[in-house]
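>>> structure for this input, please:
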Amino acid sequence: MLKQFAQYCKDSYNELVHKTTWPTAKQLTSQAVLVLYASLLIALVVFAMDQVFQFVMETVYPN
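Model prediction:
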């Protein structure tokens with residue numbers, strides 16, 4: 001069992017070092033900006049939905 005674990009660790013290290021492709025700084029930056037814009041867009045959509053729901057509820061159930 002210890003040999004299997006050691007082999008697993010060696011295989012994991014080999015894959016991480018030799019087979020994994022890492023993004024460049026430019027790719028990483030552009031992807032981070034894309035995630036930021038997508039997050040802001042989703043936040044705006046949720047905010048708009050909340051405002052519409054609030055308007056409908058206040059119209060249906062006035063205080």
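
>>> centroid residue for the chain?
Nearest to the centroid of the C-alpha atoms of the chain, with distances taken as Cα atoms, centre = their mean, sits V35, at 7.0 Å.

>>> whichever helix or strand that residue is part of: which residues count as buried?
Using DSSP states H and E, V35 sits in helix 25-60. By neighbour count on 16 or more other Cβ atoms under 10 Å, the buried set for helix 25-60 is empty. (Each C-beta comes from the backbone N, C-alpha and C, glycine too.)

>>> what is it packed up against?
Helix 25-60 sits against no helix or strand, with contacts defined as 3 or more Cβ pairs under 8 Å, 6 or more residues apart in numbering; DSSP states H and E.

>>> run the chain-centre distance for that helix.
Chain-centre distance of helix 25-60: 14 Å, with Cα atoms, centre = their mean, to the nearest Å.

>>> is A6 in a helix, a strand, or coil?
Counting by DSSP: H, G, I helix; E, B strand; the rest coil, the backbone at A6 sits in helix.

>>> distance of it from S12?
Using Cβ to Cβ, to the nearest Å, A6 is found at 11 Å from S12.

>>> over to A32?
When distance is defined by Cβ to Cβ, A32 is 26 Å away from S12.

>>> residue farthest from the centroid of the chain?
N63 (40.2 Å).

>>> what pLDDT does that residue get?
As predicted, N63 sits at a pLDDT of 77.

>>> for M57, see how far away it is.
For N63, the distance to M57 equals 11 Å [Cβ to Cβ].

>>> kindly report the same for Y8.
Taken as Cβ to Cβ, the span from Y8 to M57 is 55 Å.
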